[in-house]
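>>> Just need the structure, nothing else, for what follows:
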Amino acid sequence: MKYTFMENFKDKDPEFYDFYSHFISEEVINDTTLDDKSRYLSITAVLVGTKAHDLFKDMLDDLLKYLTADEIQEVLYQAVAYLGIGMVYPFLNIMNRHVNKPLKSASTTNRDNRIELGNEKQCELFGEHMRGFQTSGPEEERHIKRWLAGNCFGDNYTRIGLTGAQREMITFCFLATTWY
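Model (predicted):
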């Protein structure tokens, strides 16, 4: 695949264009076992995690060749829980300007059941020892556990649009980028 954003370098910096476009369009793709959707979900998550909003803006048309607007939106929504609104805000704005919004809701919870359903998702992913996690431990820690069950899992992991494995992969990408 030729990345549209690389065309910015073709005339002004042909040396960079030549070696980098070859690297990302041939070597990386030939040496990976990821399917296209997983690759582009990962790229999107890493762009957000590394605060690369200019590159995200320039790559958005390329990303939309492999991902739906709904899938990109799911990555951005989930990123808020792990990276914070301050980091994700520019990406949401870029997406909202670029894509005909609003997109169809992917939520499967509401304010009354999000913590309970989020805890169910925690149990599904991590085991029965997580049951009731949001109400366990010292009182001064319970609000964090409720936020985890309600927001990270109830508001995000229960949504339709991405599989559980895809959500785990993009979460790993978010966490990996916070270490740089």
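
>>> Can you find the helix or strand of this structure with the lowest average pLDDT?
Taking mean pLDDT, DSSP states H and E as the measure, the helix or strand of the chain with the lowest value is helix 28-30, at a mean of 83.

>>> Quickly note the distance from the most centrally placed residue in the chain to Ile144.
Of all residues in the chain, the one closest to the mean position by Cα atoms, centre = their mean is Val75, 2.7 Å from it. With distances taken as Cβ to Cβ, to the nearest Å, Val75 is found 24 Å from Ile144. For the C-beta atoms, the positions are set from N, CA and C on the backbone; glycine is no exception.

>>> next one: Ala79
For Ala79, the distance to Ile144 equals 19 Å [Cβ to Cβ].

>>> more crowded one of those two?
For Ala79 versus Ile144, the count of surrounding residues by other Cβ atoms under 10 Å is larger for Ala79: 25 against 11.

>>> and the more buried one, what does it touch?
With contact set as Cβ atoms under 8 Å, 6 or more residues apart in numbering, Ala79 has these partners: 45, 48-49, 87-88, 91, 170, 174.

>>> What is the burial count for the nearest residue to Leu83 once chain neighbours are set aside?
Closest residue in space to Leu83, ignoring its immediate chain neighbours: Phe174 at 5.7 Å, by Cβ to Cβ, 6 or more residues apart in numbering. Other residues lying near Phe174 total 21 when counted by other Cβ under 10 Å.
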